[in-house]
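Enquirer: give me coordinates for this.
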Amino acid sequence: MDQISALDACDMIEAAVEDKDKSSVSHQIDIRGVQARYLKSGVLVIPGTNEFSDWFDFNLNMSGEPTEGHGFEVVAGDSGTKWHAGFLEHAQIVYAFAKALKPKFVVGHSLGAASAQIVGVSMATPTIAFASPQTLKGKTTNRLPDEGWVVNLCRVDDTVCHVPPKLLGFRTVGSRYWLAPEEVNVGEDHHISNYRDILKTKKVADRVPMHWPPKRT
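Expert: Residues are numbered from 1 along each chain as shown. Alright, predicted model coming up:
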């Protein structure tokens with residue numbers, strides 16, 4: 001498998017959230033509210049927030065935490081990189097789980113998308129992140145060497161995709177495609193099924209990468 005379908009990635013996330021399709025799972029973790037699945041197909045799936053404590057342990061811990069001193073192998077040659085501290089902590093747990101497994105692809109949603117951005121760029125692994133919050137604190141011009149591995153698919157009406165705010169210096173890792181529905185329902189379209197629905201519309205499918213990474217010509 002050279003590419004992963006965005007629609008298939010949606011299904012994998014939904015199965016992880018609902019704890020279904022267990023026969024496809026090779027390894028999984030549930031540690032301190034951090035869930036991740038490694039599928040027999042070689043895909044690392046990181047679902048989003050599903051416990052109230054996640055908001056306090058990870059989502060609301062917004063200080064820009066430097067990479068150095070954490071024993072986390074993110075970007076070679078850029079030890080000054082600063083991440084949202086809660087997202088970095090979540091990603092560290094996923095990274096420790098996935099490192100030896102060497103996934104072919106990473107997919108994540110919501111809090112899992114924040115973690116997927118960090119894990120994907122660290123492992124130089126093709127990554128699709130849905131409903132992505134902004135994880136990296138730093139100027140857009142100061143790009144990480146391997147950001148091209150990560151693509152973010154974000155609905156314009158999904159509040160999570162706009163936090164932490166750019167005013168505080170945060171941004172997403174990699175490329176980002178904004179998905180605009182026919183009718184905007186601010187704050188109500190965060191669920192992965194809503195992402196699947198909009199990706200099935202021709203208007204969106206014609207302008208976003210429906211398979212990742214792009215085929216080399």
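Enquirer: pull the number of nearby residues for the residue lying closest to Ala15 once chain neighbours are set aside.
Expert: Leaving aside its sequence neighbours, Ala15 sits nearest to Asp21 (C-beta to C-beta, 6 or more residues apart in numbering; 4.1 Å). Backbone N, C-alpha and C define where each C-beta goes, glycine included. By other C-beta atoms under 10 Å, the residues close to Asp21 number 14.
Enquirer: and what of Lys102?
Expert: Residues near Lys102, counting by other C-beta under 10 Å, number 11.
Enquirer: how far away is it from Gly169?
Expert: 33 Å (C-beta to C-beta, to the nearest Å).
Enquirer: sorry, back to before: pLDDT at the residue nearest to Ala15, what is it?
Expert: Note for Asp21: predicted pLDDT of 94.
Enquirer: contacts only, for Pro164.
Expert: Met62, His84, Pro133, Gln134, Phe170 (C-beta atoms under 8 Å, 6 or more residues apart in numbering).
Enquirer: OK, contacts around the residue nearest to the third one when sequence neighbours are not counted?
Expert: The reference is to Pro133. If you skip the residues right next to it in sequence, Pro133 has Ala114 as its closest partner in space, 5.0 Å away by C-beta to C-beta, 6+ apart. Neighbour list for Ala114: His84, Phe87, His90, Ala91, Gly108, Ala129, Ser132, Pro133, Thr135 [criterion: C-beta under 8 Å, 6+ apart].
Enquirer: try 6 Å
Expert: Going by C-beta atoms under 6 Å, 6 or more residues apart in numbering, Ala114 touches Phe87, Pro133, Thr135.
Enquirer: so which of those residues are in helices?
Expert: Counting by DSSP state H, the contacts of Ala114 place Phe87 in helices.
Enquirer: out of the contacts of Ala114, the closest to Val208 would be?
Expert: Using C-beta to C-beta, Pro133 comes nearest to Val208 of the contacts of Ala114, at 18.9 Å.
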